[in-house]
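[1] Attaching a predicted model along with its sequence, questions to come.
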Amino acid sequence: MIPVSVKIALTLGAVVGAGVAVLHNKEMLFEIMERKLSQGAAYCESQAKRYSTKKDSQLYAEDSDNSDCEPVTPNETDIESDMIDELD
């Protein structure tokens, strides 16, 4: 059985070591976080554009022959099938 004092010393050493490593590499960590957040934002933007383009094409597809050009509201089954497609 390992004494409690040894467990505390190991935990304290690990926490202090991790803190020193973070402080020492702070700029590099900020650059990595910035890159990852930028990639995430670009992905979200592309998904939003793709989704809105898909919705626009569906809304106006049925009215393309009409001169009114009013959008058609999709029914619940269309929304549910789109949500299932997004999950796949």
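    Structure's in. What do you need?

[2] longest helix anywhere in this structure?
    Secondary structure assigned by DSSP state H gives helix 26-61 as the longest helix of the chain.

[3] Show me what that one is packed up against.
    helix 76-87 (3 or more CB pairs under 8 Å, 6 or more residues apart in numbering; DSSP states H and E). Heads up, the C-betas are built off the backbone N, CA and C, glycines and all.

[4] average model confidence for the helix it packs on?
    Averaged over helix 76-87, pLDDT sits at 58.

[5] ok, now stretch 25-42?
    Summarised as a single mean, pLDDT over stretch 25-42 is 91.

[6] List of residues touching stretch 25-43?
    For stretch 25-43, the external contacting residues (CB atoms under 8 Å, 6 or more residues apart in numbering) are V22.

[7] can I get the CA coordinates of it in CSV?
    As requested, the backbone C-alpha atoms of stretch 25-43 are provided in CSV (Å, rounded to 0.1, in the frame of the first residue of the first chain):
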residue,chain,number,x,y,z
ASN,A,25,4.6,27.1,-23.8
LYS,A,26,1.8,29.7,-23.5
GLU,A,27,2.3,31.3,-26.9
MET,A,28,2.4,27.9,-28.7
LEU,A,29,-0.7,26.9,-26.9
PHE,A,30,-2.5,30.1,-27.9
GLU,A,31,-1.5,29.6,-31.6
ILE,A,32,-2.8,26.0,-31.5
MET,A,33,-6.1,27.1,-29.9
GLU,A,34,-6.4,29.9,-32.4
ARG,A,35,-5.8,27.5,-35.3
LYS,A,36,-8.4,25.0,-34.0
LEU,A,37,-11.0,27.7,-33.3
SER,A,38,-10.5,29.1,-36.8
GLN,A,39,-10.9,25.6,-38.3
GLY,A,40,-14.1,25.1,-36.3
ALA,A,41,-15.5,28.5,-37.4
ALA,A,42,-14.8,27.7,-41.0
TYR,A,43,-16.4,24.3,-40.7
